[in-house]
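Enquirer: 3D, please:
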Amino acid sequence: MNDRLRRGLYPLLMLLILPWAGAALSQAADDAAFTAALARLNTKDLKAITEAATNLGALGDPRALPVLDALGDRRLVVAEDSGRVLIRGPGDVLIDPVGGAPVAAADLAVRTLTINNAVRRALKLASAGLQLTSPDAGVRLGAARALAQDPQEDTEPALRAALAAETDTSIREALTLALAQIDLSSKEPARRLAAINHIGETGQLSFRPLLEPLVANNPDGSHREPDEATRKAALQAIAAIDNWQLVVGQAANLFYGLSLGSVLLLAALGLAITFGLMGVINMAHGEMLMLGAYATFVVQNLFRAYLPDLFDAYLLAAIPVAFLVSGAVGVVMERTIICHLYGRPLETLLATWGISLLLIQTVRLIFGAQNVEVANPGWLSGGVLITPGLVLTYNRIAAIVFAALVLAAVWLLLQRTALGLNVRAVTQNRPIASALGINTPGVDMWTFGLGCGVAGLGGVALSQLGNVGPELGQGYIVDSFMVVVLGGVGKLAGTAAGAMILGLINKFLEPTMGAVLGKIMVLIFIILFIQKRPQGIFALRGRGAEV
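Expert: A predicted model of the protein is given here:
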């Protein structure tokens, strides 16, 4: 090979070798730093383990994340003979975190590293810092939110580096919020003011305690924060948070008022049929809700025992079961007792009150006096986070939708079916309806059964909002009568309006007046309203109740 050829090939070889050599040297340096940081975990001093975990996370090496996870899960061990730090994997396989290769574990004596709360806190921050560089946006968002909940000054460089490289809006917001909390203690006035303004814009109540020291006074009356501009900004931020929380609170009251109104609607809808259309004061109506709730409990247990793979579908199966159980009990009540008491409202009140006590004691004998728990299926667990402090839970959303569907079904049944036509005919003029060939006793039976069955559907909804007990219905019978009377006896539209009005009034009064005084104010409101409009919101027309 001549000199000219050698001189031509030499630069080419160098171009090929130098990047490879540089990468190899860089990898060797990374391995050396990672191995050295890993070796610092070989100690029984918890404070030293905390510092070693923090330093390991600060390397930014992705290999550190499984090490930190293993330490938090008590799966990080140290070989007694060599002092090597290893990860205990599935099947008790020991893995070298540097190369990721399994290690021969035959007769290898190891010691599990112990941790405490300080180590766990350091692990959380170190893991979150490493996750900020993950290619998965969901992982980065979770890490940013974790750091925003517990920001530390030593994470500031990692946060600023992540913010500079981040393009996702949600992740940038979480990173900015974490930095804002750190900047509150900055010595630079501009950074402190920017941090205060940003925290105020979030409107989150959890950040209010961070701002309160900036507007507090010392025991001698002097300002704890000497800078007036900072104090003024903190006051404005606190006011912004308070105003936003007021809006969030009212939105929450509106949602919970609608959900309570939906429960009252389901409870009162059946009563609107039995009391409004038939004139029967059914004091056992609350127990129909209780029977529907216990029917849901029984169906849940059957699915759990025999169909565990289909457990999430138990609620759908419980809906017809609860309707049929409560409706059947209502039919038996009407055929054996109520049918002999038409036209005697006081006697129906006393008889159904006795039936309610009988049903409560029967349930106590079968299921016990203690409350039972009806679990939410998976698709009703959790909720939609609208803003911090306002979560629309799936079970309450489902209760609102379910109440609307039941109301629509009852309206269609009474307006578009032969049974509904017969019910309206018997309600308006029983003798004429009978003369026209309508089986009035049969209509009474099916109407009463329908009202009780709808109450059973209300029990299904109630089972998803709280525990189920023998006296579940006692808390809703009075409210149900108030809803029917307020809305207009025999009017489904009035029942819906009355339920929503009472639900909203209750939820908006409770935070300021308390539950007991709020109930008293609702009762006073109804008394005054009935004095002004005795027939309720939707007045009856003619001789009977038109639906």
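
Enquirer: all contacts plus neighbour counts: C-alpha atoms, from now on.
Expert: OK.

Enquirer: Following element in sequence after the longest helix along the chain, please.
Expert: The helix that spans the most residues within the chain, counting by DSSP state H, is helix 228-271. Moving toward the C-terminus from helix 228-271, the next helix or strand (DSSP states H and E) is helix 285-306.

Enquirer: tell me what that next one is packed against?
Expert: helix 228-271, helix 314-336, helix 345-367, helix 440-463, helix 474-487 (3 or more C-alpha pairs under 8 Å, 6 or more residues apart in numbering; DSSP states H and E).

Enquirer: Export those helices to TSV and append columns for mean pLDDT, mean neighbour count and distance to residue 514.
Expert: Shown next, in TSV, are these (pLDDT from 0 to 100; neighbours: other C-alpha atoms under 10 Å; distance: least, C-alpha to C-alpha, whole Å):
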stretch	mean pLDDT	mean neighbour count	distance to residue 514
helix 228-271	88	22	14
helix 314-336	93	20	33
helix 345-367	90	16	29
helix 440-463	89	26	22
helix 474-487	83	22	17
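
Enquirer: now the ones you listed as TSV including distance to residue 184?
Expert: Shown next, in TSV, are the helices and strands packed on helix 285-306 (distance: least, C-alpha to C-alpha, whole Å):
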stretch	distance to residue 184
helix 228-271	10
helix 314-336	50
helix 345-367	57
helix 440-463	46
helix 474-487	50
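
Enquirer: Among these, which comes closest to residue 118?
Expert: Residue 118 sits nearest to helix 228-271 of all these, at 31.5 Å, using C-alpha to C-alpha.

Enquirer: relative to helix 285-306, how tilted is the closest one?
Expert: In terms of direction (axes from the mean of the first three to the mean of the last three C-alpha atoms, to 10 degrees), helix 228-271 departs from helix 285-306 by 100 degrees.

Enquirer: orientation of helix 228-271 relative to helix 440-463 in degrees?
Expert: Going by the same axes, to 10 degrees, helix 228-271 makes 150 degrees with helix 440-463.

Enquirer: Helix 228-271: how far from the chain's middle?
Expert: Mean C-alpha position of helix 228-271 versus that of the full chain (C-alpha atoms, centre = their mean, to the nearest Å) differs by 16 Å.

Enquirer: which strands and helices sit next to it?
Expert: Applying 3+ C-alpha pairs under 8 Å, 6+ apart, we find helix 228-271 packed against helix 189-202, helix 208-215, helix 285-306, strand 390-393, helix 394-416, helix 440-463, helix 474-487, helix 492-513.

Enquirer: Kindly recompute the last result at 6 Å.
Expert: helix 189-202, helix 208-215, helix 394-416, helix 440-463, helix 492-513 (3 or more C-alpha pairs under 6 Å, 6 or more residues apart in numbering; DSSP states H and E).

Enquirer: highest average neighbour count across these?
Expert: Mean neighbour count, computed with mean count of other C-alpha atoms under 10 Å, is highest for helix 440-463 among the helices and strands packed on helix 228-271, reaching a mean of 26.

Enquirer: distance of the closest residue to residue 215 other than its chain neighbours from residue 293?
Expert: Leaving out its chain neighbours, the residue that sits closest to residue 215 by C-alpha to C-alpha, 6 or more residues apart in numbering is residue 231, at 5.5 Å. According to C-alpha to C-alpha, to the nearest Å, residue 231 and residue 293 sit 55 Å apart.

Enquirer: same check, this time on residue 441
Expert: In this view, residue 441 and residue 293 are 29 Å apart by C-alpha to C-alpha.

Enquirer: Got the domain ranges for the protein?
Expert: 3-118, 132-226, 272-472 (automatic domain parsing).

Enquirer: Over to residue 87: give its phi and psi.
Expert: phi -100, psi 130 (degrees, to the nearest 10).

Enquirer: ok, it - how many residues close by?
Expert: 26 (other C-alpha atoms under 10 Å).

Enquirer: Who does it form a beta bridge with?
Expert: Counting by DSSP bridges, residue 87 is bridged to residue 76, residue 95.

Enquirer: Thought residue 296 was touching residue 318, still the case?
Expert: Yes. If you go by C-alpha atoms under 6 Å, residue 318 and residue 296 touch, sitting 5.1 Å apart.
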